[in-house]
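> Would you be able to build a 3D model of this:
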Amino acid sequence: NKVNKEIGSLKQKGIPADDKIAEMKEVSQKIKTMDAELGTLEEEIHHMALMIPNLPHESVPEGGEADNKEIRSWGEKPVFSFPAKTHWDLAEQHDIIDFKRGAKLTGSGFLLFKKHGARLERALINYFIDTHVSKNGFTEVFPPFLVNRKSMTGTGQLPKMEADMYRLTEDDLFLIPTAEVPVTNIYNDEILEGDELPKKYVAYTPCFRREAGSYGKETRGMVRIHQFDKVEMVAWVKPEESYDFLETLTGYAEDLLQSLKLPYRVVVLSSGDLSFASAKTYDLEVWVPGMERWLEVSSVSNFVDFQARRAKIRFRPKKGGKPEFLHTLNGSGLALPRVVVGILENYQNQDGSITVPDVLIPYMNGTDRIG
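Now for the predicted structure:
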């Protein structure tokens, strides 16, 4: 800019400025080259930043999966006077889940629910949604099951976990791994008003996960499958309220398990077992006597401002005030079909029949026993 002024001054005085003009052409070309290099570096830095996980909250125990801590439990493990059957044996006995034909239709890890199995799955979905809306004050939404790359990046699934996702290559769209993705992104690139918070949405969706790298693990039954149903709770809250709200969301999930009278425990995940985007997570695990193990049926997480920054979701604490990043949370309320596993194995009778939990009988058209 300084030399351009000098060139203008020289021209006004009739003095040749060819040398300076040539020098400025070189500078201009150098700037173009540096801009291209800068663009490449900025893209590399952006990609590196997207690969950095959230920071664990100070209350999260350090370590790996073995360091997860049980913080409370509810209910008693059932004691049977007969050998407890597994859910796959019970399902086959009553012809309510067809594992072989599900695999025939699609492949390993896909289920075909039948008869009372299909009705039980639908009953649970409706019961969960109704409870969250009428009792817990959630707004129900029914989002798309396909999302774009921006949405998957906003909630933290991309780029790190792309190998676990089902992708439509031609359209560059992804089958959702959880309703968290479309529901959280409802407000991406938006600014909410502080008096709108907290917002609580609930959604039912099928969920799709390739589970890359886990082939051959827990393939029997329906513990680890590629398509499953889930009712998801999502919340947008003020930063100072997010950890209290984590306890609230966890309580909503616990209430459902207590109403179903399923024995469960609450586990706080250690730093090495947290998901990529979470700052703190509680897992709710149901005891399944046929398999003799605890089975996760809900994961409730506080992401603090991690997702809000990636998805650019902000709020104004005061009208006309400067926007700030809010905090996002979500939790399974609850995940199926693992709840079905819990019901089949905990409510089985000596003759192999399965008692229907009291709260589900109205949703089962009065059926109180399967078989």
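> what does the model give residue 169 for pLDDT?
Predicted confidence (pLDDT) for residue 169: 95.
> how close does it sit to residue 292?
42 Å (C-beta to C-beta, to the nearest Å). All C-beta atoms are positioned from the backbone trio N, CA, C, and that covers glycine.
> Tell me which of the two has more neighbours.
Set residue 169 next to residue 292 and count neighbours by other C-beta atoms under 10 Å: residue 292 wins out with 11 against 6.
> how about residue 180, phi and psi?
phi -50, psi -40 (degrees, to the nearest 10).
> which one is it nearest to, not counting chain neighbours?
residue 330 (4.6 Å; C-beta to C-beta, 6 or more residues apart in numbering).
> again, but for residue 293
In space, residue 293 is closest to residue 287, 7.8 Å off (C-beta to C-beta, 6+ apart).
> Would you mind writing the CA trace of the one helix or strand that neighbour maps to as PDB?
Here residue 287 sits within strand 280-288, counting by DSSP states H and E. C-alpha atoms of strand 280-288 as PDB (Å, rounded to 0.1, in the frame of the first residue of the first chain):
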ATOM      1  CA  LYS A 280     -19.200 -36.900  32.000                       C
ATOM      2  CA  THR A 281     -21.400 -39.900  31.500                       C
ATOM      3  CA  TYR A 282     -23.600 -42.200  33.600                       C
ATOM      4  CA  ASP A 283     -24.500 -45.600  32.300                       C
ATOM      5  CA  LEU A 284     -27.600 -47.400  33.500                       C
ATOM      6  CA  GLU A 285     -27.200 -51.200  33.400                       C
ATOM      7  CA  VAL A 286     -29.900 -53.800  33.900                       C
ATOM      8  CA  TRP A 287     -29.200 -57.200  35.400                       C
ATOM      9  CA  VAL A 288     -30.100 -60.000  33.000                       C
END
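> chain center to it, what's the gap?
Relative to its chain's centre, strand 280-288 lies at 15 Å (C-alpha atoms, centre = their mean, to the nearest Å).
> Mind giving me the packing neighbours of it?
For strand 280-288, the packing partners by 3 or more C-beta pairs under 8 Å, 6 or more residues apart in numbering; DSSP states H and E come out as helix 242-259, strand 264-268, strand 293-302, helix 338-346.
> Out of the ones you listed, which one sits most buried?
Among the helices and strands packed on strand 280-288, helix 338-346 has the highest mean neighbour count (mean count of other C-beta atoms under 10 Å), at a mean of 25.
> Quick one: residues in contact with the next helix or strand after that helix.
Next along the chain after helix 338-346, taking DSSP H and E as the criterion, comes strand 354-355. By C-beta atoms under 8 Å, 6 or more residues apart in numbering, the residues outside strand 354-355 that reach it are 90, 94, 343, 344, 347, 348, 349, 368, 369, 370, 371.
> Pipe the residues you listed into a markdown table and attach distance to residue 37 and pLDDT per row.
Listed next are the contacts of strand 354-355 as a markdown table, based on distance: C-beta to C-beta, whole Å; pLDDT from 0 to 100:
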| residue | distance to residue 37 | pLDDT |
| --- | --- | --- |
| 90 | 64 | 97 |
| 94 | 66 | 96 |
| 343 | 60 | 98 |
| 344 | 61 | 98 |
| 347 | 65 | 98 |
| 348 | 67 | 98 |
| 349 | 72 | 97 |
| 368 | 71 | 97 |
| 369 | 71 | 97 |
| 370 | 67 | 97 |
| 371 | 70 | 90 |
